[in-house]
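1. How does the following fold in three dimensions:
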Amino acid sequence: MTYSIKEVSELFSLSIPTIHFYDKQGLLPFVSKNSSGHRAFTESDLYLMQPICCLKNTGMPIKDIRAFIDCVLKGPDTIAARKELLSTHKSNVLA
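-> Residues are numbered from 1 along each chain as shown. You can find the predicted model right below:
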């Protein structure tokens, strides 16, 4: 099953322009487009949208969220790098 950008917008309480912005900033490289050229989100795409929204809500900069998502897409070998990103962000939030 796939979800339209409108459905994703409603599920995550994000505006469609925000989702477009995230895509242009490289946060959604995992989202494919259907035959009409519209974004088609899968269940696994939704699982990756969750941390993007959470990290953004904590004030993490887009470049750091992009680095985190890039690590996630590279697989389990990047767990240490992800932990470091999150640890650094946690320190920044607490400061």
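
2. Give me the contacts around the least confident helix or strand in the chain by mean pLDDT.
-> Lowest on mean pLDDT, DSSP states H and E among the helices and strands of the chain sits strand 32-33, with a mean of 85. Outside of strand 32-33, the residues within contact range by CB atoms under 8 Å, 6 or more residues apart in numbering are 39-40, 42. Backbone N, C-alpha and C define where each C-beta goes, glycine included.

3. Counting neighbours, what do you get for R39?
-> R39 has 19 neighbouring residues, counting by other CB atoms under 10 Å.

4. who's in contact with it?
-> Residues near R39 by CB under 8 Å, 6+ apart: 4-5, 19, 23, 28, 31-33.

5. What are the phi and psi values at the closest residue to T58 other than its chain neighbours?
-> The shortest distance from T58 to any non-neighbouring residue, by CB to CB, 6 or more residues apart in numbering, is to V93 (5.8 Å). Backbone dihedrals for V93, given as degrees, to the nearest 10, come out at phi -70, psi -40.

6. Can you check the pLDDT for V93?
-> The per-residue pLDDT reported for V93 equals 92.

7. next one: E7
-> pLDDT, E7: 95.

8. Without its sequence neighbours, what residue ends up closest to it?
-> Per CB to CB, 6+ apart, closest to E7 is F41, 7.6 Å.

9. Okay, and the beta partners of that neighbour?
-> Y3 (DSSP bridges).

10. returning to what we had before: what are the pairing partners of the least confident helix or strand of the chain, and which direction each?
-> strand 39-40 (antiparallel).

11. what's the closest non-adjacent residue to L85?
-> According to CB to CB, 6+ apart, the nearest residue to L85 is F68 (5.2 Å).

12. follow-up on the earlier one: now, among the contacts of strand 32-33, which is nearest to A81?
-> T42 (24.9 Å; CB to CB).

13. which stretches of the protein have low pLDDT?
-> For the chain, applying pLDDT under 70 flags no range at all.

14. Relative to S36, how far out is the most centrally placed residue in it?
-> The centre of the chain sits closest to I52, judged by CA atoms, centre = their mean, with a distance of 3.5 Å. I52 is 24 Å from S36, where distance means CB to CB, to the nearest Å.
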